[in-house]
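In: need the 3D shape of this:
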Amino acid sequence: MKSLLLLTASGPLLILTSHESLRDQRLLEVLKQKGIGKFVAFEVPLSLARERYGGHFQAVESNLHETDDLRVLDFNGQRIFQLFRFNELGSPVLQEQ
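Out: Down below sits the predicted model:
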């Protein structure tokens with residue numbers, strides 16, 4: 001499982017996904033179907049997301065199965081930016097479809 005911060009045209013999203021990589025074509029297709037074809041993404045350490053979101057993380061994680069593509073952990077950009085520092089995130093990945 002991965003935790004990813006996506007900076008999209010409509011705002012930041014923090015997602016959990018069962019896909020192994022942000023470059024996974026199936027994940028990119030799911031995002032594109034949801035209207036997210038262009039974004040900047042950062043991997044968020046799973047342990048850090050789990051720590052910062054506590055019970056909410058557990059609730060979202062428990063609904064994520066290997067057959068699911070992704071779940072939104074947070075769509076409140078202000079909260080996401082308050083919870084994570086840039087130096088805690090992975091290197092940025094630019095995606096444009």
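
In: when you work out contacts or count neighbours from here on, use the C-alpha atoms and nothing else.
Out: Will do.

In: in the protein, which spans are helices?
Out: With DSSP state H, the ranges of helices along the chain come out as 25-33, 46-62, 77-83.

In: of all these, which lies closest to V93?
Out: helix 25-33 (12.5 Å; C-alpha to C-alpha).

In: what are the buried residues along the closest one?
Out: By 16 or more other C-alpha atoms under 10 Å, the buried positions in helix 25-33 come out as 27-28, 31.

In: give me the contacts around that helix.
Out: For helix 25-33, contacts defined as C-alpha atoms under 8 Å, 6 or more residues apart in numbering pick out 19, 22, 37, 69, 97.

In: check contacts around the residue lying closest to I15 once chain neighbours are set aside.
Out: Spatially, and ignoring its direct neighbours in sequence, I15 is nearest to V72 (4.4 Å; C-alpha to C-alpha, 6 or more residues apart in numbering). Contact analysis of V72 by C-alpha under 8 Å, 6+ apart lists 13-16, 60.

In: quick one: the residues you listed as JSON lines, columns for neighbour count and distance to L46 too.
Out: Below are the contacts of V72 laid out as JSON lines (neighbours: other C-alpha atoms under 10 Å; distance: C-alpha to C-alpha, whole Å):
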{"residue": "L13", "neighbour count": "19", "distance to L46": "15"}
{"residue": "L14", "neighbour count": "22", "distance to L46": "11"}
{"residue": "I15", "neighbour count": "20", "distance to L46": "11"}
{"residue": "L16", "neighbour count": "24", "distance to L46": "9"}
{"residue": "V60", "neighbour count": "17", "distance to L46": "13"}
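
In: as CSV, those with distance to V93 would be great.
Out: Rendered in CSV, the data for the contacts of V72 read as follows (distance: C-alpha to C-alpha, whole Å):
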residue, distance to V93
L13, 14
L14, 14
I15, 15
L16, 16
V60, 24
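
In: give me the lowest-pLDDT entry from the residues you listed.
Out: Of all these, V60 has the smallest pLDDT value, namely 86.

In: pretty sure that one is touching D74, no?
Out: No. Using C-alpha atoms under 8 Å, V60 is not in contact with D74, being 9.9 Å away.
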